[in-house]
Structure formats: C-alpha cells, structure tokens
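A.B. asks: Okay, here's the prediction I keep looking at, along with the sequence it came from:
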Amino acid sequence: MKLNGIFAAITTPFAADGSLAADRLRENISRYNRLPLAGYVAVGSTGESVLLTRAEVEQVFSAVREAAAPGRVLVAGVGSESTPETISRCKAAADCGFDYALVKTPSFFKSALTPDALVEHYRRVADASKLPVVLYAIPQFTGVALEADLVARLAEHPNIVGLKESSGNVQRVGEIIAAVPEKFQVVVGSADTLYSSLLLGAAGGILALADCLPELCIELYQAVAASNTAGARELNRRILPASKKLVRQLGIAGVKCAMDYRGYYGGPVRGPLLPLNAAQKREVEAVVNSLVATAAAD
C-alpha cells in the first residue's frame, strides 16, 4: 500500500444530542467515494480523537470500513498516551481491516519524552502492530515535534513506514525527506504546506480541507504530479486563504460548518469545543462561495 495522493482526514459526526452519528459518517464516506481520493484517515485530530470514548473509536473504524469503496487506503488514528493502549488500538484497527496505524506522539509527560523515550515507545508499538506504522507529529497540539534525526532513527524499523508531518514547517519536511530512505513515505497534514512539500518529495497530504473542499486538494496534487507548474501555483494561491480561515482560524467547527454548507454532514463539535457564531458562519460561507464561483469561471 502507498500513501500517495490526497486523504480526507475525516471528521467524526455527532447528532444533536451529542451521540456518535455513524449513519451520517457512512453517508459522507459514500459521497467521498465518488472522488479520486486516495483514502480516509479515521480518528485523527480532525476526527476529534481525544474527545471520543474507546467504544466510539471502534464504532468509527467499523463505519469507515463498511462504507469505504474498494481500493481506498484506510488509516486508523490509534495514538494514545500509553504504549499498551496504543498497541491495543492498533489491534482493533487491524481486526477491522485498516491498512495503516497512525500513531501520534504522546504528549502529557513532555519533560520525560526524550528522543530515547519516543524511540522506545514507537519501536514497541511497531513490534506489536500487525499494521504498518505511520508516525504522526502535530506539535502545535502536542508540544512534541519529531525532528529529522529522530525520524531517521525510527525509519530503520521495518514496520515504521511513514510520517504524517503536521507542524506546517516546510523546512522540517525537507530535512526529514532528505534524512530517510526513499521508501519511507512522508505526507503532510496541512493544506498550507501541501504544494511546497510535494515539490520537496512528499507523497501526499492527509488534510482537513479535503473534508469540505476535496476537489481543490485533489486538483492541486494532480497538477503537481503532471508538472503543471502554472496550474499548481494558481490552485495553491486559492487554497491558502481557505485553509487559513477554515482550518487554522476556525478549526474543526469551521471545517464542519463548511461541510454542512457543501452538502456533507458536518454537524456539531463536541465540548469543550465551541460552535461557530453567526458572524463566523458567514465567513465560512463567503470563503466557500468564492472558491465555488472561481471554479465555475475556470
């Protein structure tokens, strides 16, 4: 399996009463199946993973597996603060038929998370996991980065096959790509850095923006793959403000609102996250309308 292409970092739908809406998740996946997305990432940061119960995590895994079209690569967010729980979640994802285990860095005991501690954690997970392991660094949330030298050490393990780098630091992405074997796959988690990272050799992107504007993300990836420099630059110019407003500024609530506006099911976020106010919703609509109008004019 390969991580080339655009993956939707799918949201977790909740009903009005706050319960998991697995039927809505299956509906979203069915719509995504019509597009040339490489696959789906379930229970990642955009999926509000830290706000889900273990039972809900497994319900999401099952719903995604049931709804995904054949040939789509399925990546399970399994990272937990403890090594044993992460291993347990890897097993659940493997039993459900996923293809990769996405393992974010532990973060609570930051002062104890030395490079040696992180290497030990990831190697123990990779030794036990039936699924190939993809490292996941998102230091803006966790406060724990994975630098190039550490990733290179971890890439030596035969069952650690890739990295999702979500820091937004293009220089770090380039340094990591230069430090790891060619077969080691680096994908980015920020639409802001997708264009630059693809040029540096990244395999693709796992993007929240692909939940609400998947066509635009796919077009950018395809333009770079086809060496359509002018087209890729123009698409990147259009993506940057959308990513900034919908993802970085408004967060998961912004992504879900944009999904609702585009006919997907976004629905509410789970507390302690807050819903958008009326003014913020108008901002979302303005961003989406601008992009749709531009696409129609092309």
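C.D. replies: Thanks, I have it. It should be emphasised that the depicted structure is a prediction, and the values quoted were computed from it without experimental measurement.
A.B. asks: Show me the strands in this structure, by range?
C.D. replies: 5-9, 39-42, 73-77, 100-104, 133-137, 160-165, 185-188, 204-207 (DSSP state E).
A.B. asks: Taking strand 133-137 as reference, get the angle to the longest one.
C.D. replies: Translated: strand 160-165. Counting by axes from the mean of the first three to the mean of the last three CA atoms, to 10 degrees, strand 160-165 points 20 degrees away from the direction of strand 133-137.
A.B. asks: Next: the first one.
C.D. replies: With the same axes, to 10 degrees applied, the angle from strand 5-9 to strand 133-137 works out at 70 degrees.
A.B. asks: Can you tell me the strand partners of strand 5-9 and which way each runs?
C.D. replies: Take DSSP bridges as the rule and strand 5-9 pairs in its sheet with strand 39-42 (parallel), strand 204-207 (parallel).
A.B. asks: again with the fifth one
C.D. replies: Neighbouring strands of strand 133-137 in its sheet, by DSSP bridges, are strand 100-104 (parallel), strand 160-165 (parallel).
A.B. asks: coming back round to it: which one of the strands of the chain has the most crowded surroundings?
C.D. replies: strand 204-207 (a mean of 30; mean count of other CB atoms under 10 Å). For the C-beta atoms, the positions are set from N, CA and C on the backbone; glycine is no exception.
A.B. asks: Output the strands paired with strand 133-137 in JSON lines, with distance to residue 148 and mean pLDDT appended to each entry.
C.D. replies: Shown next, in JSON lines, are those (distance: least, CB to CB, whole Å; pLDDT from 0 to 100):
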{"stretch": "strand 100-104", "distance to residue 148": "18", "mean pLDDT": "98"}
{"stretch": "strand 160-165", "distance to residue 148": "10", "mean pLDDT": "98"}
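A.B. asks: hang on, the earlier thing: can the strands of the chain go into a markdown table with extra columns for distance to residue 286?
C.D. replies: As requested, the strands of the chain are exported to a markdown table (distance: least, CB to CB, whole Å):
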| stretch | distance to residue 286 |
| --- | --- |
| strand 5-9 | 23 |
| strand 39-42 | 28 |
| strand 73-77 | 31 |
| strand 100-104 | 33 |
| strand 133-137 | 32 |
| strand 160-165 | 30 |
| strand 185-188 | 26 |
| strand 204-207 | 21 |
